[in-house]
Every structure is written in C-alpha cells, then in structure tokens.
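K.L.:
sequence unknown, structure follows:
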C-alpha cells in the first residue's frame, strides 16, 4: 500500500498493489508515480490516489527506484532483474521508452535526478558503487567505488550531496556529488533502514502546462517534453476532444499472447489500454459477465481459469485443477454459469461462475472441442471440433440432444452468435474466410473472404463483425451481412488470440434461472423447454429435482500429482479432486465418515489431509530424514498407521497429526506396504529383506500376536489390501506382475 503523511497518515492506494518499491512525486502536475515489483509495472495517479492508471507493464522484471523530471517531461527508473539489470527512461505518459544503462549493473537500487546539472545518479548494492550519467545515459562516471558501502538502498540528492541508506551498516551517509569526496556519516545504528528523501522545505521551482488548470484535462495531465497528454484512469476512455474522460458505452476486449488483456473503446477508437490483471500474459481465451463487471480467461499453459473485475482488481482463481488444455470459455449470464471446452480431455464442462458445482456435460461423441458459444435464452450451446473431420455441433445447455450441424472445410474458430438476427458466425482458419449460418446450420453464407491473411478471434456488435488478423497484426470490422465497409480499428496488434465486445446487448435477456437460480441447489442450466437442475459430477439429483446428494460408492485413486475419483458404474467420467499440494503422491486413504482424503507427499516427505472438496488441508506428518512409504487408516479409533522407506518400525499418528509413537519396532525388520482389518483389530504388512524373499506378516493393531503369514516365494511385493468378508490379504507382485492372495487363517 501507499501511505500519505500529514499530521496523521492517510491510505491513498490500497487495492491491487503487490509490492510497491519506488515512489516519486510530480510536484508540478500534482501526480504520483510508483513502481510495483510484485506486479512488474509502473503506475500513476493524482496525489490523493484517484485517477489511477498503469503506464508501463511489459519488459519489466524487478522495477525498483523511480525519479521524475516534471519540467523536462521524463521519468527514470532502475530495474534489478537478474537477467537484465538496467536503468530506463520514458516520457511521463509512458511513451518514448529507452534503455539508458544496461552494462556493468547488478542491483541498481536508488536513483535521483540532478535538475541543475542535468544528470542522473544511482547506487548499485552489489558492486558497491555510486555512479552518474547525463540524462541520455552518456558520460557515465563512477563517484564512489568502495567495499565499505555494502548495500546501498535508499537514495536521494540535495544541493551538493548525494545521500543514501545502507542496509548492512544500518546508517545514513552522504558524499559530494561532484568529487565523490567529503564522505560523511550522518547517523548509524538504525535498524530496518529503507527509503530516504532529502528535502528542502522551500517551494520547488518549475512549471509546465499541467500547472495551469490541469491543462484542461478532466483527470490526468501528463507532461511529455513540449506537450501535454490528457489520460484517463482505468474504466474511462478519452473523448474525441482529447481532454475529457468518459464512460464508454461499448469496447473491445482482447487477449494478446505475452502481453495480456487490453481494451479499445468503440466510440473513440483510441489506443488500446491495459486491463491490469495477473496471469493473463499466457491466456488463450476470454469472456465476460456484464452484470458482474467481471472478465474471465483461461491459461492453457498452466491449465487454469481465472477472473477479475474489468478494472483489474479482485483477481480470483476459478478452476485450478483437472484442466488439460482449455480451448475456449463462455459465460451463461442467465444462470451465472461458466462453460468451457477442453481439447486435451475431449470434453465440455460447466461450473458456477465461482468454480463450484463443476460438472462434465459432454465427454462422449466429441473430439477436440475448441470454440464455444452459448445461446442461454434459447437453451443451446454451439462448438467446433478440430478432429479428423472439422465440424460444428450443438446441444442443449444441459449437454443432452447432441447434434452435428455441419461439416466444414477448415478449422472453425471464433464462434459468435448474433442474438437479434439469429445467426452464427465463425472464421475458417484454413481458408482465411468468415462465414455465417442460421442457428440450425442452414443458409451458410460467406461474409468476408478478400484480403484476410490469418483471421482468428471473432465477435459481433450492432451491424458489424469484428475480428483479429494474426498476420496483418490488425483488428478489423465489416458489415455483418454484406462484408462491406471494412475498416481497420487498430494496427500493430500482434498475437491477438481472442476478442469480445463488452456491452449489455451481448448479454441481454433473462430466463427462469435468473430468479433464485431456478430453485436449484447447484446448477441451473438453460434448456429449450425452460431449465434443468443438475449437480456436480458424481453427485445425484434428488427426487425433488432441485437438490443434490454426494456419491455413496466410488473409487479414489492417485496419479503422480493429482487425486482422482471414479464411480464404479462408469456412467460418468473420472474427475480430479480440487486438492492442492499433491506432488509425488505415493499412497492414499479415505475417511468415509468425515470425507477426508489422506495422502503421502513424497516430494515434501509429508502425510497430508484434506476434505474431498479441497477445504481444510493440513499436514499431519512432516519428516526431514526419510520419506513415508505407505499408510492405513483405522476409522474407529481415528488412527493412521504408517511406514517409511529406511525405517524398521510401524508408526501411529492421530487424525489431527499428534504422534502416538510406534506399535512395532524391530532392527531386523523393514515394514513397507501396510493394510488393516479394523473390525478384527488386525494389521498386515510386507517385510522387505535384502537379497532374500520378502515376508507377509500380521499382528493386532497394538503390535501383539505378531506372526509371519508367508515367508517364502514373495519377490518384490507392491501394495497390499485386506478383505474382511473373505479373510484374505491381497498383494501385487512387481516381479511377476501378478495379483496374489492368502487366507489369514491359513497355516
């Protein structure tokens, strides 16, 4: 956060700020500049924190200190990113960016401008140097080169002296800015020294046009060399008068690879503005919730779906687990649901907008689903498939009544619906053409074909369709019926992967799901006949057709980095449980009474616990010297019995993580896989012997009545389990690949 100090402190910036590191005041235009190392950006606002705007958010690694020169219209900052430490300059509106210094730098921390001598000064915390250069980076000079300045941090300039703080020496020093001599210790023995500003209480001099009535700008006036630039805070756009900021009626929202989310007001067609959200640089697709003022996007690299408010605040992870390759997503504004396609899993899924009540809708008879569009008022969803035969299909929004609408020549992308004209539009990536059709697949028309090199995203608004051209690096529009009136909206827009028009007309109308979620406890899904209540995957709709019940019989299994659930009747696909910190899962157990999943994390050498919905995660056992190998849960006494790889004992821990010691310890034993018969009070385990056949052994759960069940013919035994009905112990033999068993009463 950023705090303003008067007689009392006042918070002026508190939201959507991660690690503010440097700060500078433009005393002429009355603006505040700061660097945010956590979000890797440079921002500006009025001195009271209003009219906040991101100026620079690309090619920043670790932006640190910042200084401004309001009379000349420049700002200067240091960036101590490990790969490319540098000192940069830009105009106060973020334009005309230039790298001044990028050699012989390591940790450039503080920076200051000498307004009289027209030079910049900076300190490097690793090279222990204080240096200066002309404002264009030329005439670089070393002022102080001394190992007795171990960690320069805060930095300031006043009169003939440079002042700095030193983290390690816990002191404030100064030195003559011309000669590097007359070094003087101001004060020492100050813990936690950070920033520093040397101040002359006389009024600062200097003028620029922004000092006179803010140069007529309604919000931000930013001086750029010999001219002023009026700019607008997030959520507003500059009017045609270039002075006044207005709330745009509609704007294009688009996603650029390695850049992130941007927007353009359709009323003004001004330059695109960043939507400052985390995690959008690797995004692949987007949609929005107009009423909620939220934008949603998928990251195909990390396999996540995220959301934030349109101003960039309120970032949340919606879907974190179980995505393989999310291709497209679409918001159902009536039921407040989110749909998406996953070509890696060949399925279409849905959840509430917050990610809860997640359900796999279609996973049969679908191959490589890609682009997706919804028609909630009619109850249909449409998607394209990039399988062996390219096609466009539709189904009811509850996943039923799947129909192939048409086979197409190339890969259909950017599906979008004109809700007033009842038309479906798409781009053909292979033919570089734009088509439309009636919503039943009939009356296919080629809308645009000439001079399109590589169309990708597509959207519709009023009488126009808008698309991005990857090769031409443009965003264009044309009449939706004739294809005429083509116009380039923006140029120099490379790698635009998706595009949408943010306007209420794109999400107009209601249905019965708008009112109290249709009375549904989980999902209210639009349908041509009205709506259908549905449940999360594996949950069952109760006879009231409104509420849901969790599954009663299922299989929980682990993969390398996930925990999964599967129904025994195989009527629904298996799912990944939304549980975090599942790295190198070795063994799992399930507590049916409390709904806890237990697992061994081999990477972190822990035994962990969580409810199957991901809440209440907890580490129960943390081991430093060895790795837990296997475990078994006893549901009546609520105890976990576990073994470890190099140990000769069977350990016991309560379900809350408190240790109860061990029930078996023998220097000649190496217990590994373990299983229980809780009703009989028995435990079983394999004992591994070097260069010898392993043994299968048993005892009561307190370690008494220990005996060997089998002591010959077992080689490389794997996991084991015990069956109370048959009094058998089963095990898998790695060496032979066989599953074997023995009766526990056998002699």
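P.N.:
Thanks, I have it. Keep in mind it's a predicted model, so treat the numbers as computed, not measured. Numbers count the residues shown, from 1 in each chain.
K.L.:
for the stretch 151-300 of the chain, which segments count as strands?
P.N.:
152-158, 161-166, 171-176, 184-187, 220-224, 227-231, 237-238, 245-246, 251-256, 260-265, 273-274, 283-289, 294-299 (DSSP state E, counting those that start in this stretch).
K.L.:
confidence-wise, which helix or strand of this structure is lowest on average?
P.N.:
strand 2-5 (a mean of 46; mean pLDDT, DSSP states H and E).
K.L.:
burial of residue 571, as a residue count?
P.N.:
By other Cβ atoms under 10 Å, the residues close to residue 571 number 7. Every C-beta, even on glycine, is put in place using the N, C-alpha and C of the backbone.
K.L.:
ok, it - contacts?
P.N.:
If you count contacts by Cβ atoms under 8 Å, 6 or more residues apart in numbering, residue 571 has none.
K.L.:
does it count as helix, strand or coil?
P.N.:
Here residue 571 is coil, with the state taken from DSSP: H, G, I helix; E, B strand; the rest coil.
K.L.:
hmm, back to that, least confident of the strands of the stretch 151-300 of the chain, on average?
P.N.:
In terms of mean pLDDT, the lowest-scoring of these is strand 273-274 (a mean of 80).
K.L.:
coming back round to it: between the strands of the stretch 151-300 of the chain, which one is closest to residue 477.
P.N.:
Closest to residue 477 of the strands of the stretch 151-300 of the chain is strand 251-256 (Cβ to Cβ; 9.3 Å).
K.L.:
now find how far off-centre that closest one is within its chain.
P.N.:
18 Å (Cα atoms, centre = their mean, to the nearest Å).
K.L.:
residue 381 and residue 393 touch, don't they?
P.N.:
No: taking Cβ atoms under 8 Å as the definition, residue 381 is not a contact partner of residue 393, at 9.2 Å.
K.L.:
between these two, who's got more neighbours?
P.N.:
In terms of neighbours (other Cβ under 10 Å), residue 381 is the more surrounded of residue 381 and residue 393; the figures are 28 against 20.
K.L.:
so where does that one fall, helix or strand?
P.N.:
Element membership of residue 381 [criterion: DSSP states H and E] is strand 380-385.
K.L.:
elements contacting that strand?
P.N.:
Strand 380-385 sits against strand 369-375, strand 391-396, strand 412-418, with contacts defined as 3 or more Cβ pairs under 8 Å, 6 or more residues apart in numbering; DSSP states H and E.
K.L.:
quick revisit: just send the strands of the stretch 151-300 of the chain back as CSV, with distance to residue 473 and mean neighbour count too.
P.N.:
Formatted as CSV, these follow (distance: least, Cβ to Cβ, whole Å; neighbours: other Cβ atoms under 10 Å):
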stretch, distance to residue 473, mean neighbour count
strand 152-158, 41, 22
strand 161-166, 45, 24
strand 171-176, 50, 19
strand 184-187, 54, 12
strand 220-224, 25, 26
strand 227-231, 24, 20
strand 237-238, 22, 22
strand 245-246, 28, 18
strand 251-256, 10, 24
strand 260-265, 13, 22
strand 273-274, 18, 22
strand 283-289, 18, 23
strand 294-299, 21, 24
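K.L.:
would you turn those into TSV with distance to residue 481?
P.N.:
Listed next are those as TSV, based on distance: least, Cβ to Cβ, whole Å:
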stretch	distance to residue 481
strand 152-158	62
strand 161-166	67
strand 171-176	71
strand 184-187	75
strand 220-224	41
strand 227-231	37
strand 237-238	28
strand 245-246	30
strand 251-256	20
strand 260-265	23
strand 273-274	31
strand 283-289	25
strand 294-299	29
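K.L.:
do you know which of those strands lies nearest residue 533?
P.N.:
strand 283-289 (21.1 Å).
K.L.:
just want the angle from the closest one to strand 260-265.
P.N.:
50 degrees (axes from the mean of the first three to the mean of the last three Cα atoms, to 10 degrees).
K.L.:
just checking: what are the partner strands of strand 283-289?
P.N.:
strand 294-299 (antiparallel) (DSSP bridges).
K.L.:
centre of the chain to the partner strand, how far?
P.N.:
9 Å.
K.L.:
what's the angle from that strand to strand 251-256?
P.N.:
20 degrees.
K.L.:
what comes into contact with the helix or strand just after strand 294-299?
P.N.:
Heading C-terminal from strand 294-299, the first helix or strand you meet, by DSSP H and E, is strand 304-309. Applying Cβ under 8 Å, 6+ apart, the external contacts of strand 304-309 come out as 275, 277-280, 293-299, 314-320, 323, 326, 329, 338, 340, 353, 355.
K.L.:
residue 604 is in contact with residue 583, isn't it?
P.N.:
Yes: between residue 604 and residue 583 there is a contact at 6.8 Å, judged by Cβ under 8 Å.
K.L.:
residue ranges for the strands of the stretch 451-600 of the chain, please.
P.N.:
Under DSSP E, counting those that start in this stretch, the stretch 451-600 of the chain gives strands at 455-461, 464-469, 474-479, 487-490, 496-502, 523-527, 530-534, 540-541, 548-549, 554-559, 562-567, 575-576, 585-591, 596-601.
K.L.:
okay, now the unreliable bits of this protein?
P.N.:
Within the chain, the segments meeting pLDDT under 70 span 1-8, 203-204, 269-271, 691, 747.
K.L.:
any idea which residue sits dead centre in it?
P.N.:
The centre of the chain sits closest to residue 279, judged by Cα atoms, centre = their mean, with a distance of 4.3 Å.
K.L.:
give the pairing partners of the strand holding residue 381; include direction for each.
P.N.:
According to DSSP bridges, strand 380-385 has these partners: strand 369-375 (antiparallel), strand 391-396 (antiparallel).
K.L.:
for those, which one ends up most surrounded?
P.N.:
Mean neighbour count (mean count of other Cβ atoms under 10 Å) peaks for strand 369-375 among the strands paired with strand 380-385, with a mean of 23.
K.L.:
give me the residues contacting that one.
P.N.:
Against strand 369-375 from outside (Cβ under 8 Å, 6+ apart): 327-332, 339-343, 346-348, 362, 380-386, 397, 411-417, 419, 424, 426, 439.
K.L.:
chain center to stretch 473-488: distance?
P.N.:
Relative to its parent chain, stretch 473-488 has a centroid offset of 33 Å by Cα atoms, centre = their mean.
K.L.:
got it, and stretch 700-716?
P.N.:
49 Å.
K.L.:
give me the contacts around that stretch.
P.N.:
634, 637, 639, 641, 650, 663-664, 676, 681-684, 686, 693-699, 729, 731, 733-736, 742, 744, 746.
K.L.:
tell me which of these fall in strands.
P.N.:
634, 639, 641, 650, 663-664, 676, 682-684, 686, 694-699, 729, 731, 733, 742 (DSSP state E).
K.L.:
how close does residue 594 get to residue 615?
P.N.:
12 Å (Cβ to Cβ, to the nearest Å).
K.L.:
no no, residue 708
P.N.:
Distance, residue 708 to residue 615, using Cβ to Cβ: 43 Å.
K.L.:
returning to that earlier point: report the angle between the strand holding residue 381 and strand 412-418.
P.N.:
160 degrees.
K.L.:
and strand 380-385, what's buried?
P.N.:
Across strand 380-385, burial judged by 16 or more other Cβ atoms under 10 Å covers 380-385.
K.L.:
tell me how far that strand lies from the chain's centre.
P.N.:
26 Å.
K.L.:
begin at 14 from now on, thanks
P.N.:
Sure thing, new numbering starts at 14, so read that last one as strand 393-398.
K.L.:
what angle sits between it and strand 536-540?
P.N.:
90 degrees.
K.L.:
need the residues that contact strand 393-398.
P.N.:
With Cβ under 8 Å, 6+ apart, strand 393-398 has contacts from 341, 343, 352, 354, 361, 379-388, 403-410, 418, 421, 424-426, 428, 430, 437, 439, 452, 541.
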